[in-house]
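Novice: output the structure for:
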Amino acid sequence: MAKSEMKSSANIGSASLILIFIVLCLGTFGLLSLTSAKNDLDLAERNAAAVSGYYQADAEGEAFRMEVDRLVKQALQMNPNEPEAYLEQELKEAYLHDEQAAQTEILMDSGQALMVKIGLSWEGGQGNTWVRQWKVYNYEEYEIDQDMPVWSGE
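Specialist: Here you go, the predicted structure:
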C-alpha cells in the first residue's frame, strides 16, 4: 500500500512545477506591466503640467500684447505728437525706449520663462504693434546631477 501512495505523489510533482513556473512568469509580467504603466502615467502628468504651464504663460503674453496695443492707441489719442511719454509713464520698465518696443518676461516652471517683445510704431498717426520675439528660455542655470553613489567597499 505504501508503494501505490508514493507513485501518485511523484506524478503530481512535475505538473505542479510547471504550474508554479507559469504562475511566477505571469506574476512577473504583471508586475512589469504595472511598473511600466505607472512610469507612463508619471511622464504624462509631468508633460501635462509643462504644457499647461506654457499655455498659461502664453495667455499672459497675449494679454500683455493686447494691453500694449490698447496703450499705443490711447497714447496717440491723448498726444499724437509725443506718444512715447505716455507709454513710458504707463508701461514703466516694460517700455524699451531705444528699441521702440515693450518687453515682459513671464516665469514658468522648471526654471523657464517666456519672453515677449512687442514692436511699436506710430508713424502716419496710427498705432501699430507686432510681435518681435516670443520665446521660451532658461533663466536658471541648468545643472545635471552626475553624482553616482557607488559602494567603495568600506
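
Novice: give me the packing partners of the longest helix anywhere in the chain, helices and strands only.
Specialist: Determined from DSSP state H, the single longest helix within the chain is helix 2-78. When contacts are defined as 3 or more C-beta pairs under 8 Å, 6 or more residues apart in numbering; DSSP states H and E, helix 2-78 packs onto helix 83-91, strand 101-107, strand 112-121, strand 128-138. From N, CA and C alone the C-beta is placed, and that goes for glycine too.

Novice: in the first one, which residues are buried?
Specialist: Within helix 83-91, the residues that qualify as buried are 83, 86-87, 90-91, counting by 16 or more other C-beta atoms under 10 Å.

Novice: re earlier: how about the helices and strands packed on helix 2-78, which one is nearest Q146?
Specialist: Comparison of the helices and strands packed on helix 2-78 against Q146 by C-beta to C-beta identifies strand 128-138 as nearest, at 18.2 Å.

Novice: other residues contacting that closest one?
Specialist: Strand 128-138 is contacted from outside by 54, 57, 61, 65, 68-69, 72, 101, 103, 108, 111-122, using C-beta atoms under 8 Å, 6 or more residues apart in numbering.

Novice: rerun that using 6 Å as the cut-off
Specialist: 68-69, 72, 111-112, 114-121 (C-beta atoms under 6 Å, 6 or more residues apart in numbering).

Novice: same deal with stretch 141-154?
Specialist: Stretch 141-154 is contacted from outside by no residue at all, using C-beta under 6 Å, 6+ apart.

Novice: now with 8 Å, please.
Specialist: In contact with stretch 141-154 (C-beta under 8 Å, 6+ apart) are residues G111.

Novice: mind exporting the C-alpha coordinates of it to PDB?
Specialist: C-alpha atoms of stretch 141-154 as PDB (Å, rounded to 0.1, in the frame of the first residue of the first chain):
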ATOM      1  CA  GLU A 141      21.400  77.600 -14.800                       C
ATOM      2  CA  TYR A 142      20.500  74.100 -15.800                       C
ATOM      3  CA  GLU A 143      22.700  71.600 -13.900                       C
ATOM      4  CA  ILE A 144      22.700  67.900 -14.400                       C
ATOM      5  CA  ASP A 145      23.400  65.800 -11.300                       C
ATOM      6  CA  GLN A 146      26.100  63.400 -12.300                       C
ATOM      7  CA  ASP A 147      26.900  62.100  -8.900                       C
ATOM      8  CA  MET A 148      26.600  58.300  -8.700                       C
ATOM      9  CA  PRO A 149      26.800  56.800  -5.200                       C
ATOM     10  CA  VAL A 150      28.800  53.700  -5.700                       C
ATOM     11  CA  TRP A 151      29.800  51.500  -2.800                       C
ATOM     12  CA  SER A 152      33.600  51.800  -2.300                       C
ATOM     13  CA  GLY A 153      33.900  48.600  -0.400                       C
ATOM     14  CA  GLU A 154      34.400  50.200   3.000                       C
END
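
Novice: I'm done for today, thanks for sticking with me.
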